[in-house]
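>>> Can you look at this prediction? I've put the sequence above it.
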Amino acid sequence: MRAYLPAYDLRVPETLDEALSLLGSTDPWRPFAGGTDLMVLLDAGKLPEGRYLGLWKLPELRGIEDRADAVVMGALTTYTDVLRHPTLQQDFPLLCRAAEETGGVATQNRGTIGGNIANASPAADTPPALLVYDAELELISSRGRRRVPYDQFHQGYKQMDLAADELIARIIVPKRPHRWTQYYRKVGTRRAQAISKVCLAAALDVDRVAGLVRDVRIALGSVSPTPVRARQAEAALRRSAPDAAGLRNAQQALARDIAPIDDLRSTARYRLHVAQSLLAEGFETLV
Amino acid sequence: MADSLHVEVRLRVNGRDTVVRAHPMARLLDVLRQDLHLTGTKEGCGEGECGACSVLLNGELVNSCLLPVLQADAASITTIEGLSQAAGELHAVQQAFLTHGGAQCGICTPGMVLAAVSLLERHPNPTEAEIRSGLAGNLCRCTGYMRIFEAVLQARRRGQALESSA
């Protein structure tokens, strides 16, 4: 059933100070970014009633800054902004692949990276890419600013290291010298527009002379209560030979990294199988 | 609906400035259809999957079912009704849809046409793959995609012909 609108309020402040003071009030306002997730809930009558704070007009949360040591994205950076940014295209292909895979053009024009993170869906497409790149979040409130490594931000299903008065201000993606080749694949019901059943992002660096994996990063979506870095699978591959035996070990370790469930989009068994298959496909593509 | 929460929202719709009083969380789609009587914008799924409610907001394609009207304050909006420049004259994309049978039942057509217009503005000479990805957010329940793609290709060629004759 559709929502009863008088049970809601929305304000769209034009300054960050006003937004932060509303968020810090005793009966706080909830942040509302592009609306591509929250408006779906509203129409289904599932959006919690109350007061929402539209962030769209806050210039401090916009823009992509290309620094020497990092790319810093305002939380309101849209998927379209990501896809149009030359440095992100060149140096952070997994993030661009994720943006491409998120909805159609209309969703990419309104959906934001900050909103994708704060909505905290385990099935979101950008978090695995952000995990591979060791992203950090800058949070802001009227109390000040702080930084949180992104892999420590999601603490459980829809639970985040984010206080009620805090906003995600920026997403910092460090630039590091590397020799990675990179892989991203999202598996849904169909190619276009579908929500993920499993999504895997990976980066691999093989020392060809020594015949050993020098560096590897693997992260997944839709297979755990939160987006997850597959640290055991990474450990199984690191400093081992990039061969069939190494892959088998990593696939077994991956089963311990993730905790897939049965839900409306898929089953735990299918998700485990596909996650291991994506690991194999990624490995074979990158080695 | 309690009016006390209603706010004034300034919109420039199809080149005309207007002020509506609406609940700030009202969907732009409902304001367009019910308050401004612009019923060319259709509601399909109401959850951003089908693109039937697509409009251009400051030139960018958006799903009007996912936009609280207050977030559109001071924005310029183009709906299907505002696409043709002169009375009785269709936009090149509309004409191409007509010529190529790009419309069947018609419910996806306004959104499909606006998505095509938005695509051609960004990529005046799109490949078929670009057309497919540009229209990926718009579903045709009659599954008449091939003729829709042909219509967009034709509109592209017509655009090129206009450029070369200019």
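Thanks, I have it.
>>> CA only for contacts and neighbour counts going forward, please
OK.
>>> does the residue nearest the centre of chain A sit in a helix, a strand or a coil?
With distances taken as C-alpha atoms, centre = their mean, residue A:127 lies nearest the centre of chain A, 1.7 Å away. Following DSSP: H, G, I helix; E, B strand; the rest coil, the label given to residue A:127 is helix.
>>> Regarding stretch A:187-206, how distant is the last residue from the first?
End-to-end distance for stretch A:187-206: 26 Å, by C-alpha to C-alpha, to the nearest Å.
>>> next one: stretch B:80-94
Per C-alpha to C-alpha, the first residue of stretch B:80-94 is 9 Å away from its last.
>>> so residue B:21, which of the three states?
Applying three-state DSSP: residue B:21 is strand.
>>> Low-confidence ranges, chain B, go.
B:1-3, B:159-166 (pLDDT under 70).
>>> Tell me where it has strands.
Counting by DSSP state E, chain B has strands at residues B:7-13, B:16-22, B:54-57, B:60-63, B:75-78.
>>> Quick one: check the fourth one for contact with chain A.
Yes: for strand B:60-63, a contact with chain A is found by C-alpha under 8 Å from any C-alpha of the partner chain, at B:60, B:61, B:62, B:63.
>>> give me the number of residues near the last one?
The criterion is other C-alpha atoms under 10 Å in any protein chain shown. On that basis, residue B:63 has 31 neighbouring residues.
>>> Show me what it is bridged to.
residue B:54 (DSSP bridges).
>>> Pull the contacting residues for it.
A:106, A:107, B:48, B:51, B:52, B:53, B:54, B:55 (C-alpha atoms under 8 Å, 6 or more residues apart in numbering or on different chains).
>>> Can I get the residues you listed in TSV including distance to residue A:76?
Shown next, in TSV, are these (distance: C-alpha to C-alpha, whole Å):
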residue	distance to residue A:76
A:106	15
A:107	13
B:48	19
B:51	22
B:52	25
B:53	23
B:54	21
B:55	21
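>>> follow-up on the earlier one: tell me how far the closest residue to the residue nearest to the centre of chain A other than its chain neighbours lies from residue B:102.
In space, and not counting its chain neighbours, residue A:127 is closest to residue A:227: 6.2 Å by C-alpha to C-alpha, 6 or more residues apart in numbering or on different chains. Per C-alpha to C-alpha, residue A:227 is found 41 Å from residue B:102.
>>> low-scoring stretches of chain A, by residue?
A:1, A:192-193.
>>> Helices along that one, start to end?
Here chain A has its helices, by DSSP state H, at A:16-23, A:38-43, A:79-84, A:86-91, A:93-101, A:105-110, A:113-118, A:126-132, A:231-237, A:244-257, A:268-286.
>>> from those helices, which stretch is densest packed?
helix A:126-132 (a mean of 27; mean count of other C-alpha atoms under 10 Å in any protein chain shown).
>>> which other residues reach that helix?
Contacts of helix A:126-132 (C-alpha under 8 Å, 6+ apart): A:94-95, A:98-99, A:113, A:116-117, A:150-151, A:173, A:199-203, A:217-221, A:227-229.
>>> Can you pull up the residues of chain A that come close to chain B?
A:5-6, A:8-12, A:34-36, A:39-40, A:43, A:54, A:56, A:103-107, A:109-110, A:192-193.
>>> So between residue A:227 and residue B:102, which is more surrounded?
Remark: of residue A:227 and residue B:102, residue A:227 carries more neighbours, 32 against 24, as counted by other C-alpha under 10 Å.
>>> Surely that one and residue A:119 touch.
No: look at residue A:227 against residue A:119 with C-alpha atoms under 8 Å: they stay out of range, at 11.9 Å.
>>> buried residues in stretch A:66-82?
Judged by neighbour count using 16 or more other C-alpha atoms under 10 Å in any protein chain shown, the buried positions of stretch A:66-82 are A:66, A:71-82.
>>> my bad, should have said stretch A:129-144
A:129-142.
>>> how long is that stretch end to end?
28 Å.
>>> any idea how far that stretch is from the chain center?
Here stretch A:129-144 is found 11 Å from its chain centre; the criterion is C-alpha atoms, centre = their mean, to the nearest Å.
>>> can you check stretch B:71-89 too?
9 Å.
>>> Tell me the residues of chain B that contact chain A?
Checking chain B against chain A by C-alpha under 8 Å from any C-alpha, the hits are B:1-2, B:5, B:23-26, B:46-49, B:51, B:54, B:60-63, B:65-68, B:70-71, B:133-138.
>>> Selecting buried members of these in ChimeraX, what would you type?
Remark: buried members of these, expressed as a ChimeraX selection using 16+ other C-alpha under 10 Å:
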select /B:5,23,24,25,26,46,47,48,49,51,54,60,61,62,63,65,66,67,68,70,71,133,134,135,136,137,138
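>>> so of the residues of chain B next to chain A, which ones are in helices?
B:133, B:134.
>>> wait, isn't residue A:95 in contact with residue A:88?
Yes: using C-alpha under 8 Å, residue A:95 is in contact with residue A:88, at 7.4 Å.
>>> what is in contact with the two at once?
Common neighbours of residue A:95 and residue A:88 (C-alpha under 8 Å, 6+ apart) are residue A:82.
>>> Tell me where the stretch 101-250 of chain A has strands.
A:136-141, A:144-149, A:154-156, A:159-160, A:167-174, A:181-187, A:198-207, A:212-221, A:228-229 (DSSP state E, counting those that start in this stretch).
>>> Throw these into CSV and include distance to residue B:41, thanks.
Converted to CSV, the strands of the stretch 101-250 of chain A look like this (distance: least, C-alpha to C-alpha, whole Å):
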stretch, distance to residue B:41
strand A:136-141, 38
strand A:144-149, 43
strand A:154-156, 39
strand A:159-160, 38
strand A:167-174, 34
strand A:181-187, 32
strand A:198-207, 34
strand A:212-221, 35
strand A:228-229, 40
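>>> So for residue B:88, which of these sits nearest?
Nearest to residue B:88 among the strands of the stretch 101-250 of chain A is strand A:181-187 (45.7 Å), distances taken as C-alpha to C-alpha.
>>> picking that back up, now the residue nearest to residue A:127: how far from residue B:132?
30 Å.
>>> With residue B:20 instead?
36 Å.
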